[in-house]
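> return atomic coordinates for the entry below.
(chains A and B)
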Number of protein chains: 2
Amino acid sequence: MSDPPAVSAFVPGHITGLFTVHREEDPLRSGSRGAGISLTNGVTVEVRPATETEIRVDGSVATVDAVDRVLAGLDTVGDIRISTDLPLGAGFGLSGGMALGTALAANEVFDLARSENELIRVAHVADVEAGTGLGDVVAQARGGMPIRRAPGAPPHGELDGVPSRGRVEYLSFGELSTPDILSDRPEIITTAGTNALDHLETRPTPERFMTASRTFAAEVGLLTQELADVIDVVESSGGSASMAMLGETVFALGTDLSAAGFDPEVTAIDPTGATILE
Amino acid sequence: MSDPPAVSAFVPGHITGLFTVHREEDPLRSGSRGAGISLTNGVTVEVRPATETEIRVDGSVATVDAVDRVLAGLDTVGDIRISTDLPLGAGFGLSGGMALGTALAANEVFDLARSENELIRVAHVADVEAGTGLGDVVAQARGGMPIRRAPGAPPHGELDGVPSRGRVEYLSFGELSTPDILSDRPEIITTAGTNALDHLETRPTPERFMTASRTFAAEVGLLTQELADVIDVVESSGGSASMAMLGETVFALGTDLSAAGFDPEVTAIDPTGATILE
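Residues are numbered from 1 along each chain as shown, chains lettered A, B, ... in the order given. Okay, the predicted model is just below:
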């Protein structure tokens, strides 16, 4: 017997540079405003029919709340094999990526005939209700350097983008717990995020995205000493770096980390957004 | 002396399968509802500084009203070199592609610091006012198989998409004049387009896109004998084909044209949308 048919989807990783927190009763309207970078590295989700759901991440059986919620939202079960070349829990929006990739691939393999916006809605709600993300899914669906002008999934959310391509560098030091931080200080985050977004929208360029992110990171007070030290060194050498929200990760555009003497991981801005793979 | 710096942008070609006509006083709100396919073949626009504007298309000096309007809208001049691997005037949205590619590349080379939505707005208005397109620009910016749920440029227009990848085949027989046809029968088009879009949105799949497009083409009465004959042969062999609106072009998904014995051009669904090139 041959294996049952499988369909794969790719979802870019997403570094959030600045954001606000908007919690509404309706999870479709909940989310965040802000800006980030979609990456050519990300999450690949392969879905095949199964009698009960099993999720594997990089080969190991795992529990991924957002993925379970997507399958429930689509009223289906499946064998879900997830792989990623980005570090987990380090601020790359991988929960949202797993949710959106599962939705896109499941739609195809089970012939669910949902539109892209419907699949984005299911994944956004799953990520919000799992407490693992507020705006990654809509950004990952778009690709590029997305600006989230209004929170929520389509048709509530409103997106724009900073025209941009090119290299991205990062250094990851470990995990931060997203839910704790978000519930801890939403007002501080939203005030700083609104100011940073205003600053970016008056001049939507990659350079301004970096300075807006850097100011945001300082104001919300989430920088660990290790991250602050790296950012200082980059700035001393004339570059610009900031923190991936929310992970213990420093990112920079171009070669700003390597030029400052670090040995970063290298990725790039993804222009495509989430897509099923042929 | 070295050449001045140049920036290039790529914009996918866009086949419209079905559409409606909405003309408003504000060109940002004018446009069309409908659905189409963005293609991996399209338009590349290279922009460099110049003291006065010159536009070349595939090497020959040309007048492209939509491009002139983009440059005026951005208050700039430039040396514009456009190339395309799709046939001109045959229903591939190349006017919109040239307008959007010029906007994206000019923004970069002249450091205009516009957001993606602002550039889409300038290109959409240029295409509408030139009379060469109503919905190509917003679809080309998104990529994939875009559904235009509401007409106009951001934030007025509303997009969704049919999840899809894969091969597209086409046969082109020549040009149709877009402005004449649009002014000739807008009500018939909008009635047929609304019905076809409703049909697609109840089941947004590639197969349904083809049947909705086929019904639309028959209802608006734009099929030439040559196009109708090709579509008949494809349908006799169990496939599905329709007409690219508005050009004398037949298109099909997968191998439906070649399987019916034709020798089509081959392209594919573009998942990326318009982007500056690195």
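
> so who does the nearest residue to residue A:208 once chain neighbours are set aside touch?
Leaving out its chain neighbours, the residue that sits closest to residue A:208 by Cβ to Cβ, 6 or more residues apart in numbering or on different chains is residue A:200, at 5.5 Å. C-beta here means a position set from N, CA and C on the backbone, and glycine is covered the same way. Residue A:200 is in contact with A:18, A:35, A:147, A:162, A:208-209, A:212, counting by Cβ atoms under 8 Å, 6 or more residues apart in numbering or on different chains.

> the helix or strand harbouring residue A:69 near chain B anywhere?
Residue A:69 is located in helix A:65-73, with elements delineated by DSSP states H and E. No: using Cβ under 8 Å from any Cβ of the partner chain, helix A:65-73 stays clear of chain B, with a minimum separation of 14.4 Å.

> what residues does that helix touch?
Contacts of helix A:65-73 (Cβ under 8 Å, 6+ apart): A:53, A:55, A:77-78, A:80, A:82, A:95-96, A:98-99, A:102-103, A:106, A:122-123, A:125-127, A:129-133.

> pLDDT at residue A:263, what is it?
In this model, residue A:263 is scored at 98, pLDDT.

> count the neighbours of it for me.
8 (other Cβ atoms under 10 Å in any protein chain shown).

> for chain B, see how far away it is.
Computed as Cβ to the nearest Cβ, to the nearest Å, the residue A:263 to chain B distance reads 23 Å.

> what about that residue, which SS state?
Three-state assignment for residue A:263 (DSSP: H, G, I helix; E, B strand; the rest coil): coil.

> go on, residue A:139?
Secondary structure of residue A:139, reduced to three states by three-state DSSP: helix.

> so what's residue A:160 bridging to?
residue A:147 (DSSP bridges).

> contact partners for it?
With Cβ under 8 Å, 6+ apart, residue A:160 has these contacts: A:146-147, A:149, A:204, B:115-117, B:154.

> for the stretch 1-150 of chain A, just list every one of the helices.
All helices of the stretch 1-150 of chain A, identified by DSSP state H, counting those that start in this stretch, fall at A:65-73, A:94-109, A:116-130, A:136-142.

> I'd like those as TSV, with mean pLDDT and distance to residue A:224 appended.
Listed next are the helices of the stretch 1-150 of chain A as TSV, based on pLDDT from 0 to 100; distance: least, Cβ to Cβ, whole Å:
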stretch	mean pLDDT	distance to residue A:224
helix A:65-73	98	26
helix A:94-109	98	20
helix A:116-130	97	25
helix A:136-142	98	22
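
> mind checking which of those helices is nearest residue A:275?
helix A:94-109 (7.3 Å; Cβ to Cβ).

> quick check: what element follows the helix or strand that contains the residue nearest to residue A:208 along the chain?
Following DSSP H and E, one finds residue A:200 within helix A:186-201. Downstream of helix A:186-201, the next assigned helix or strand under DSSP H and E is helix A:206-220.

> go through that following helix and flag the buried ones.
Residues A:206, A:208-217, A:219-220 are the ones in helix A:206-220 that count as buried (16 or more other Cβ atoms under 10 Å in any protein chain shown).

> for it, what is the average pLDDT?
Mean predicted confidence for helix A:206-220 is 96.

> what does it contact?
A:17-19, A:35, A:37, A:145, A:162, A:164, A:166, A:185, A:188-189, A:191-193, A:195-197, A:199-200, A:223, A:227, A:231, A:240-243, A:245, A:252-253, B:113.

> can you tell me which of those are buried?
Here, 16+ other Cβ under 10 Å leaves A:17-19, A:35, A:37, A:145, A:162, A:164, A:189, A:192-193, A:195-197, A:199-200, A:223, A:227, A:231, A:240-243, A:245, A:252-253, B:113 buried among the contacts of helix A:206-220.

> burial count for the residue lying closest to residue A:78 once chain neighbours are set aside?
Leaving aside its sequence neighbours, residue A:78 sits nearest to residue A:47 (Cβ to Cβ, 6+ apart; 4.8 Å). The number of residues packed near residue A:47 is 28, by other Cβ under 10 Å.

> partners of residue A:47 in the sheet?
Beta-bridge partners, per DSSP bridges, of residue A:47: residue A:7, residue A:80.

> before we move on, what about the one 10 residues further on?
The residues paired with residue A:57 through beta bridges, assigned by DSSP bridges, are residue A:60, residue A:82.

> shouldn't residue A:134 be in contact with residue A:29?
No: using Cβ atoms under 8 Å, residue A:134 makes no contact with residue A:29, being 11.5 Å away.

> quickly list what's touching both of those two.
Common neighbours of residue A:134 and residue A:29 (Cβ under 8 Å, 6+ apart) are A:22, A:151.

> look at the two and report which has more neighbours.
residue A:134 (27 against 16).

> roughly how far apart are residue A:194 and residue A:32?
From residue A:194 across to residue A:32, the span is 11 Å (Cβ to Cβ, to the nearest Å).

> next one: residue A:210
In terms of Cβ to Cβ, residue A:210 sits 19 Å off from residue A:32.

> got the CA positions of the helix holding residue A:69 in CSV?
Output in CSV follows, covering the C-alpha atoms of helix A:65-73 (Å, rounded to 0.1, in the frame of the first residue of the first chain):
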residue,chain,number,x,y,z
ASP,A,65,-2.4,24.0,21.4
ALA,A,66,-2.8,26.3,18.5
VAL,A,67,-2.6,23.4,16.0
ASP,A,68,-5.2,21.4,18.0
ARG,A,69,-7.4,24.4,17.9
VAL,A,70,-7.1,24.8,14.1
LEU,A,71,-8.0,21.1,13.6
ALA,A,72,-11.0,21.5,15.9
GLY,A,73,-12.0,24.8,14.1
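
> which bits of the stretch 1-150 of chain A sit near chain B?
A:104, A:107-108, A:111, A:113-117, A:119, A:143-144, A:147.

> and the furthest pair within these?
Checking those with Cβ to Cβ, the most distant pair is A:111 and A:147, at 34.4 Å.

> so for these two, which residue has more residues nearby?
Taking other Cβ under 10 Å, residue A:111 and residue A:147 do not tie; residue A:147 has more neighbours (25 against 8).
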